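Asks: Here is my input, please return the structure:
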Amino acid sequence: MAKKAKQQDEKTNVMRILEQKGIPYTAKTYPHEEGVAVDGVTVAESLGQDPDSVFKTLVTRGASGTYYVFDIPVAEELDLKKAAKAVQEKNIAMLHVVELLPLTGYVRGGCSPVGMKKPFFTTFQETAILFEEIAVSAGKIGVQVIVEPNALCELVEGQFADVVKDG
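Replies: So this is what the prediction gives:
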């Protein structure tokens, strides 16, 4: 009985949403220290994944006060000018870490584009479509879901655009 309860504890809200919507995924875990975010390249390496196919979720605020989510490869850096242009804002700024949990329900290192407290417009780096599957956080540090990028983008009603810094 206790074993079954433990397995249920391991399923995240992200996984439940993907299952509800009929979107296939593979869950993968990686070693981490409890409550401590691990850098994305290390996560990709520990999962045996190409860092270009492992995406981190970043939350921003536009000049209008609207919040936006960007998913980019873990080794890349968000280009704020390109990102602002992609969402038709004058400019955008990264959200402060202390604002992340109350706004999204996620902690730094465990933020996922799926299952936030409220839906926010989401942009995926356009290179996501080059992969059959990409990895994003399952909403908890130490757990990733691997999913088809178009299905993920459709689920969050997002878009693909070039939003990372060049070279």
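
Asks: how about the nearest residue to residue 133 once chain neighbours are set aside, what does it touch?
Replies: Once flanking residues are discounted, residue 133 sits nearest to residue 146: 4.9 Å by CB to CB, 6 or more residues apart in numbering. For glycine as for every other residue, the C-beta is placed from the backbone atoms N, C-alpha and C. Neighbouring residues of residue 146 by CB atoms under 8 Å, 6 or more residues apart in numbering: 25, 26, 27, 28, 49, 133, 134, 135.

Asks: So which of those belong to strands?
Replies: Secondary structure from DSSP state E places 25, 26, 27, 28, 134, 135 of these in strands.

Asks: Those: which two are farthest apart?
Replies: Spatially, the most separated pair among the ones in strands among the contacts of residue 146 is 27 and 134, at 14.0 Å (CB to CB).

Asks: quick one: which of the two has more around it?
Replies: Per other CB atoms under 10 Å, whichever of residue 27 and residue 134 has more neighbours is residue 134, with 27 against 15.

Asks: Am I right that the residue nearest to residue 133 sits in a strand?
Replies: Yes: counting by DSSP: H, G, I helix; E, B strand; the rest coil, residue 146 is found in a strand.

Asks: any idea how far it is from residue 73?
Replies: The gap separating residue 146 from residue 73 is 14 Å, by CB to CB, to the nearest Å.

Asks: How about the contacts made by the closest residue to residue 74 other than its chain neighbours?
Replies: Once flanking residues are discounted, residue 74 sits nearest to residue 40: 2.5 Å by CB to CB, 6+ apart. Residue 40 makes contact with 51, 54, 56, 74, 75 under the criterion CB under 8 Å, 6+ apart.

Asks: If we use 10 Å, what do you get?
Replies: 51, 54, 55, 56, 72, 73, 74, 75, 76, 109, 135, 137 (CB atoms under 10 Å, 6 or more residues apart in numbering).

Asks: Residue 83 sits in which helix or strand?
Replies: In this assignment (DSSP states H and E), residue 83 forms part of helix 80-86.

Asks: that older thread, now the contacts of residue 40: which count as buried?
Replies: Among these, those classed as buried by 16 or more other CB atoms under 10 Å are 51, 54, 55, 56, 72, 73, 74, 76, 109, 135, 137.

Asks: Make sure the fourth one is indeed in a helix.
Replies: Think residue 56. No: assessed with three-state DSSP, residue 56 is strand; it does not lie in a helix.

Asks: Test my guess that it contacts residue 42.
Replies: No: with contacts counted by CB atoms under 10 Å, residue 56 stays clear of residue 42, the gap being 11.9 Å.
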